[in-house]
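Asker: need a structure here:
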Amino acid sequence: MKILKTNLKIILYFFMIFIGPSINAYEKDQQIYLKIEKFFKKLNTLEANFIQIGPSGDISNGKIYLDLPSKLRIDYEKPNNLLITSQGFWIVIQDRDNSTTNNVPVNSSPFSILLQNGSILDNENLKLKYTITSGIISLEIKSQDNEKLESLILEFSEKPFNLKKWIILDAFGERTTVLIQNAKYNKNLSYLLFFPIDFPEPSN
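Answerer: Okay, the predicted model is just below:
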């Protein structure tokens, strides 16, 4: 009987050594994903300043507005005098200096992840991977079906849990980083913010 009890203790000991850490890691994963899910489910609108750092180190500033689902406005300050708006189907990119407009389908843009309603964790078309370094949670989001598409990395502070920046990583490994500052969540935003500019017709 003593031998049996001793063997059971040994089995439990090895179970705690080898299986215990896996259970703890799984629970931590679940806690992190629940925090991300809660953040996006509570996120209705966002108004913030941003600093964008391009692949070559060029820096741009401006304001960003989100009204979920589907609405986006990224308003660049001069000299990069661009305006990006969306209401669901198209990303409209406008150069105010040259009065030009280009349309890009939302689904072909990494912004489609930010513009959907509800949790990104339930989307079976996305592949998710996260890391934690010094209290910063980095969530990398990629297409499940096409590795060549741009991926999006969202970075959150752990305490308090807030979106700090996102990184767009293109197929060539080039990074565009957008730092979020002075964020205001869930305030009422005018629907007029999300309309593109109606440039006048060129005169002959």
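
Asker: which residues sit in contact with Glu155?
Answerer: Going by Cβ atoms under 8 Å, 6 or more residues apart in numbering, Glu155 touches Ile136, Ile137, Ser138, Leu139, Leu163, Lys164, Lys165, Trp166, Ile167. C-beta here means a position set from N, CA and C on the backbone, and glycine is covered the same way.

Asker: Show me which of those are buried.
Answerer: Neighbour counting with 16 or more other Cβ atoms under 10 Å marks Ile137, Ser138, Leu139, Leu163, Lys165, Trp166, Ile167 as buried within the contacts of Glu155.

Asker: Tell me what the closest residue to Ile136 other than its chain neighbours is bridged to.
Answerer: Spatial nearest neighbour of Ile136, chain neighbours left out: Glu155 (5.7 Å); criterion: Cβ to Cβ, 6 or more residues apart in numbering. Note on Glu155: beta-bridge partners by DSSP bridges are Ser138, Lys165.

Asker: What distance do you get for the residue nearest the centre of the chain to Thr131?
Answerer: Nearest to the geometric centre of the chain sits Leu154, at 4.1 Å (Cα atoms, centre = their mean). Taking Cβ to Cβ, to the nearest Å as the measure, Leu154 falls 12 Å from Thr131.

Asker: tell me, what's touching those two both at once?
Answerer: Common contacts of Leu154 and Thr131 (Cβ under 8 Å, 6+ apart): Ser138.

Asker: Could you check how many residues crowd around Ser109?
Answerer: Other residues lying near Ser109 total 21 when counted by other Cβ atoms under 10 Å.

Asker: Next up, phi/psi of it, please.
Answerer: Main-chain torsions, Ser109, degrees, to the nearest 10: phi -120, psi 150.

Asker: ok, it - contacts?
Answerer: By Cβ under 8 Å, 6+ apart, the contact list for Ser109 reads Ile91, Glu150.

Asker: Just checking: what are the partner strands of the longest strand along the chain?
Answerer: Longest strand of the chain, by residue count under DSSP state E: strand 175-185. For strand 175-185, the paired strands and their directions (DSSP bridges) are strand 45-53 (antiparallel), strand 162-169 (antiparallel).
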